[in-house]
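Novice: this one's sequence-less:
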């Protein structure tokens, strides 16, 4: 099984690229599976009792809502302008996300998956690169990313805040084995076909 981490900044189009890769794999008869760590985090905030306990101990019981889930807005308010608290939050959450990724990858291996892809925006921050055979970064011009994120319904101030805390394009490129340019006018079909061709030819990739 070949394990890919798909990373990149907000608005780069990671989910869209993941879908295109999946479609190409289906066309080529490659068993492809993917998981989005943003969705994993949302589910952990909603259901993971251990995470809730850890966050309550770190930030106070006020971050737990009346329904027993984590009040994400209150939690974000606490860490928004406090870098030390943000680092603490990320260390707690990243540890759980890595555990979930390891478990998911084990299941995919047992199921005979050829390519297992994990969308993980905070790959560098989580320190999870060691889990993967290749890291693929998705990039686009800042103005394009800003427009996309706002069109998804995020307020401009929030998009700007997220961008200010993320790596720039050079940062993502430096930690990646492959880069997919997803700006205006970029040929995605050509780039993705070339990417899969390279992966399929890697010895031990276990893809026929």
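Specialist: Perfect, I can see it now. Source: prediction; values computed, not measured. Numbers count the residues shown, from 1 in each chain.

Novice: what are the phi and psi angles of residue 152?
Specialist: phi -80, psi 0 (degrees, to the nearest 10).

Novice: From the contact counts, what lies against the lengthiest helix in the chain?
Specialist: Taking DSSP state H as the criterion, the chain has its longest helix at helix 83-110. Under the contact definition 3 or more C-beta pairs under 8 Å, 6 or more residues apart in numbering; DSSP states H and E, helix 83-110 sits against strand 32-36, helix 37-47, helix 49-59, helix 72-79, strand 115-119, helix 123-126. For the C-beta atoms, the positions are set from N, CA and C on the backbone; glycine is no exception.

Novice: want to try CSV for those, with mean pLDDT, distance to residue 180 and mean neighbour count as columns?
Specialist: What follows is these, written out as CSV (pLDDT from 0 to 100; distance: least, C-beta to C-beta, whole Å; neighbours: other C-beta atoms under 10 Å):
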stretch, mean pLDDT, distance to residue 180, mean neighbour count
strand 32-36, 97, 15, 19
helix 37-47, 93, 18, 17
helix 49-59, 93, 32, 15
helix 72-79, 87, 29, 15
strand 115-119, 97, 12, 25
helix 123-126, 90, 15, 20
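
Novice: possible to save those as a markdown table with distance to residue 10?
Specialist: Formatted as a markdown table, the helices and strands packed on helix 83-110 follow (distance: least, C-beta to C-beta, whole Å):
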| stretch | distance to residue 10 |
| --- | --- |
| strand 32-36 | 14 |
| helix 37-47 | 10 |
| helix 49-59 | 23 |
| helix 72-79 | 15 |
| strand 115-119 | 12 |
| helix 123-126 | 14 |
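
Novice: So which residue is dead centre in this protein?
Specialist: With distances taken as C-alpha atoms, centre = their mean, residue 120 lies nearest the centre of the chain, 1.7 Å away.

Novice: returning to that earlier point: would you tell me which of the helices and strands packed on helix 83-110 gets closest to residue 186?
Specialist: Checking the helices and strands packed on helix 83-110 against residue 186 by C-beta to C-beta gives strand 115-119 as the closest, at 19.1 Å.

Novice: and that closest one, which strands flank it?
Specialist: With DSSP bridges as the test, strand 115-119 is paired with strand 2-7 (parallel), strand 32-36 (parallel).

Novice: Run the angle between the longest one and helix 37-47 for me.
Specialist: Strand 2-7 runs at 80 degrees relative to helix 37-47, counting by axes from the mean of the first three to the mean of the last three C-alpha atoms, to 10 degrees.

Novice: now strand 2-7: mean pLDDT?
Specialist: Strand 2-7 comes out with an average pLDDT of 96.

Novice: okay, the angle between whatever helix or strand comes next after that strand and strand 2-7?
Specialist: Sequence order places helix 14-27 as the next helix or strand after strand 2-7, per DSSP states H and E. If you take the same axes, to 10 degrees, helix 14-27 sits at 150 degrees to strand 2-7.
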